[in-house]
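Engineer: This is a predicted model, with the sequence first.
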Amino acid sequence: MLTIETGPDGVIVVAGRLDAAQAQAAQTVLDGVAGTATLDCARLEYISSAGLGVLLKTQKRLLGSGGKLRLARLSPHLRDIFVYSGFDQLFEIDPAA
C-alpha cells in the first residue's frame with residue numbers, strides 16, 4: 001500500500017511501498033508537482049527499481065523547468081539504495097536521517 005499526501009507546509013509525504021504495483025499511481029500524483037518540491041520519505045518502507053524510475057522521471061521533468069525534487073528523512077536502508085544506485089548524485093538528499 002502506498003499513500004502520497006501533501007502536508008500543510010507543502011512537503012509531499014510518501015508512506016508505504018513504492019513498487020511496480022504502485023508506480024503508475026505515484027507517477028500520476030507526482031506529475032502534478034511543479035517547481036521545487038520536497039519528498040518526505042520518513043514513512044517510505046520500500047522502493048523498487050520501478051519506484052526509482054518514477055522519481056527519476058519526475059526529477060528530469062522538474063529540472064527541465066528550473067525546479068527539482070529534494071528527498072528528506074530517508075531511512076538508512078533507503079539511503080543505501082540511493083547511494084548504491086548512484087541516485088544520490090541525481091537528487092538533493094537531506095543529510096539528516
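Structural biologist: Sure thing, it's come through. Residues are numbered from 1 along each chain as shown.
Engineer: Break down the chain into its strands, ranges please.
Structural biologist: 2-6, 12-18, 36-47, 68-72, 92-93 (DSSP state E).
Engineer: Any chance of those in CSV with mean neighbour count and distance to residue 29 as columns?
Structural biologist: Glycine gets a C-beta too; all of them are placed from N, C-alpha and C. Formatted as CSV, the strands of the chain follow (neighbours: other Cβ atoms under 10 Å; distance: least, Cβ to Cβ, whole Å):
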stretch, mean neighbour count, distance to residue 29
strand 2-6, 15, 5
strand 12-18, 19, 8
strand 36-47, 18, 11
strand 68-72, 19, 12
strand 92-93, 17, 20
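Engineer: okay, those in CSV with mean pLDDT next?
Structural biologist: Supplementary listing: the strands of the chain in CSV, determined by pLDDT from 0 to 100:
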stretch, mean pLDDT
strand 2-6, 94
strand 12-18, 97
strand 36-47, 96
strand 68-72, 96
strand 92-93, 95
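Engineer: Could you dump those into CSV with distance to residue 80 added?
Structural biologist: Listed next are these as CSV, based on distance: least, Cβ to Cβ, whole Å:
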stretch, distance to residue 80
strand 2-6, 20
strand 12-18, 16
strand 36-47, 11
strand 68-72, 13
strand 92-93, 12
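Engineer: so what's residue 93 bridging to?
Structural biologist: Taking DSSP bridges as the rule, residue 93 bridges to residue 71.
Engineer: looking at it, it is touching residue 71, isn't it?
Structural biologist: Yes: taking contacts as Cβ atoms under 8 Å, residue 93 lies within contact range of residue 71: 4.8 Å.
Engineer: what do the two both touch?
Structural biologist: Counting by Cβ atoms under 8 Å, 6 or more residues apart in numbering, the shared contacts of residue 93 and residue 71 are residue 82.
Engineer: Next up, the contacts around the nearest residue to residue 91 once chain neighbours are set aside.
Structural biologist: Once flanking residues are discounted, residue 91 sits nearest to residue 71: 5.2 Å by Cβ to Cβ, 6 or more residues apart in numbering. For residue 71, the contacting residues are 38, 39, 41, 55, 82, 91, 92, 93, 94, taking Cβ under 8 Å, 6+ apart as the criterion.
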